[in-house]
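S.K.: What follows is a protein structure lacking sequence information:
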């Protein structure tokens, strides 16, 4: 377990949803460790990545150059040309990215070149190394001098590097940049200094300091934030982007593997969905592709859970449906994906994985077919996928969908269909108010235990009164709701908050778990709720009751408990959503010849339910404290508006 010491508390004040003031009260709980009621899936708490809010290009994928291969519909998107500059495609460097830029210095004083704006600027840190690469050629008999310049917001360009381009064949060039300043909004400029013509393609720039120091890799602070969550499952590469605005723009995983220079551009599903948040410069280069997703899952110690198209475009955007007699290529993509992940190096797609640097299988166990589909068109297509996958790969668990909402006609229709098809997990989504999350802590207490299991694949508390801010109220309501997920771990096997990432200058959807700009990142209160659950799952659910009943919001108290077989610990999660302080006593049944020893407590607390974290300061974070030697029972103080995780050790009585 990746234990972290997370220290800080914040103290502000307000009332909780007009709740009446109550005197301090003693609560007596019982935990029976002799009667485990369910095993906790080791992969239960995880993360869901979708390329929304500039989450891939401009976010987790550390590329700093926008439109590096000049393949956007407007080929100069992200670029400012000056002098004689044109887009060409004759004799390209890469067949699936055939466009490149031709720059001619005809001897005028202006010279000729291009500026790139990056993703709302190019963030550079003082004394860190950045590697700029490009492919180039020239028909000139002599080498042509190229200058690579960092242009600061004030127009100055103190960092200038030169490189000589020679030869009529495409060659790769590299320049190291090491700025003497920190600035979030630079530009990169390439200038042809000598008379002559030079062709450029795939102009790319990465920090040397990437996650695991992989060239062309992931942004270190964002990947580290994922690692620190201790996720058990990693769902990728998205939800609605799997479907696309059209079938032509759906996510096709085969386009996302192989050399990054030759992965074709794809439209991003989210570039103009919200008219007030339209980003026509938002595309998918696939530099962060399926190989990188599987590799990241491995880095995180998380089970990979890819999602693939079922032959339906996004039903919110269009009604494109692949005819049943034309569905086979989509099914084959699913089968080939399993081979890519798990096949030996002699198989067609296993060989591709090995050539990319990973001969060993990735160990894929689960596959989701479709996202938020609905209506009869979905199960009839899912049935075809299920039959083919089970025939060739019977051990792969299939994830189906209950539609885009937590209830209603679509939900009621799809659950029986998922049971009929015998999927292993049903993906439920709920973006609801804090009140809904508080009131649904018992949602799964009476679910059918004989059917498929539940995957809470997308959820977040939306506090609309604050424009869906990632405030402490939303986080506290999620913590309360998740006690119900944990208590019902026999039916709820996986859970992932969504969305994961958002760039502060380029977001379409909120709330989001992690926010960032070009240099900094911030973990929200919601992040810390997820982390506390994922760091402290336990192995077995045990009954935690008050007056013989599960604790599901009586007096705004929510609680669950697990034990950890490996450590012998009892793990208690408890939320006090009230505005008063309480005392809680936990009587432990089933200790036999053992007694409670010392332990540790993590607390997330803020008297102001509207508190948020920012890039400048994280005010709402867990505080860790030690629990002294305890004896036969545990007493905890429950501050108002708090989420507590207590880990208590047991030892034999001497």
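M.R.: Sure, I can see it. It should be emphasised that the depicted structure is a prediction, and the values quoted were computed from it without experimental measurement. Residues are numbered from 1 along each chain as shown.
S.K.: any idea how far the worst-scoring helix or strand of the chain on mean pLDDT is from the chain center?
M.R.: When the helices and strands of the chain are scored by mean pLDDT, DSSP states H and E, helix 240-243 comes last with a mean of 91. Centroid displacement of helix 240-243 relative to its chain, using CA atoms, centre = their mean, to the nearest Å, is 15 Å.
S.K.: Repeat that for stretch 474-494.
M.R.: 19 Å.
S.K.: tell me the average confidence for it?
M.R.: The pLDDT scores in stretch 474-494 average 98.
S.K.: shift numbering so it begins at 7
M.R.: Yes, from this point I'll number from 7; that puts the last item at stretch 480-500.
S.K.: quick one, strands of the stretch 207-356 of the chain?
M.R.: Per DSSP state E, counting those that start in this stretch, the stretch 207-356 of the chain carries strands over the ranges 239-242, 272-273, 289-290, 309-314.
S.K.: next one: the stretch 7-156 of the chain
M.R.: Assigned by DSSP E, counting those that start in this stretch, the stretch 7-156 of the chain shows strands spanning 32-38, 44-45, 51-54, 85-88, 90-94, 106-111, 118-122, 128-130, 136-144, 150-157.
S.K.: any chance of those strands in a markdown table, plus mean neighbour count and distance to residue 452?
M.R.: (Glycine included, C-beta is placed from N, CA and C.) Listed next are the strands of the stretch 7-156 of the chain as a markdown table, based on neighbours: other CB atoms under 10 Å; distance: least, CB to CB, whole Å:
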| stretch | mean neighbour count | distance to residue 452 |
| --- | --- | --- |
| strand 32-38 | 18 | 21 |
| strand 44-45 | 17 | 15 |
| strand 51-54 | 27 | 23 |
| strand 85-88 | 16 | 58 |
| strand 90-94 | 15 | 61 |
| strand 106-111 | 22 | 61 |
| strand 118-122 | 22 | 57 |
| strand 128-130 | 23 | 50 |
| strand 136-144 | 21 | 56 |
| strand 150-157 | 20 | 61 |
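S.K.: Dump the ones you listed to TSV, plus distance to residue 383 and mean pLDDT.
M.R.: Putting the strands of the stretch 7-156 of the chain into TSV (distance: least, CB to CB, whole Å; pLDDT from 0 to 100) gives the following:
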stretch	distance to residue 383	mean pLDDT
strand 32-38	47	95
strand 44-45	35	98
strand 51-54	24	98
strand 85-88	42	97
strand 90-94	40	97
strand 106-111	42	98
strand 118-122	43	97
strand 128-130	44	98
strand 136-144	44	98
strand 150-157	51	97
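S.K.: Quick one: closest of the ones you listed to residue 478.
M.R.: strand 51-54 (19.8 Å; CB to CB).
S.K.: Could you spell out the sheet neighbours of the closest one, each with its direction?
M.R.: strand 239-242 (parallel), strand 498-503 (parallel) (DSSP bridges).
S.K.: Now do the contacts for residue 48.
M.R.: Contacts of residue 48 were listed using CB atoms under 8 Å, 6 or more residues apart in numbering, and they are 238, 543, 545.
S.K.: Now the second one, what are its backbone angles?
M.R.: By that I understand residue 543. Phi and psi for residue 543, reported as degrees, to the nearest 10, are phi -80, psi -30.
S.K.: Next up, the contacts around the residue lying closest to it once chain neighbours are set aside.
M.R.: Sequence neighbours aside, residue 46 is the residue nearest to residue 543 in space, at 5.1 Å (criterion: CB to CB, 6 or more residues apart in numbering). By CB under 8 Å, 6+ apart, residue 46 lies in contact with 492, 495, 543-547, 568.
S.K.: Quick check, pLDDT for residue 46.
M.R.: We note a pLDDT of 98 for residue 46 in this prediction.
S.K.: likewise residue 541?
M.R.: With respect to pLDDT, residue 541 scores 98.
S.K.: Neighbours of it, how many?
M.R.: Using other CB atoms under 10 Å, residue 541 has 20 neighbouring residues.
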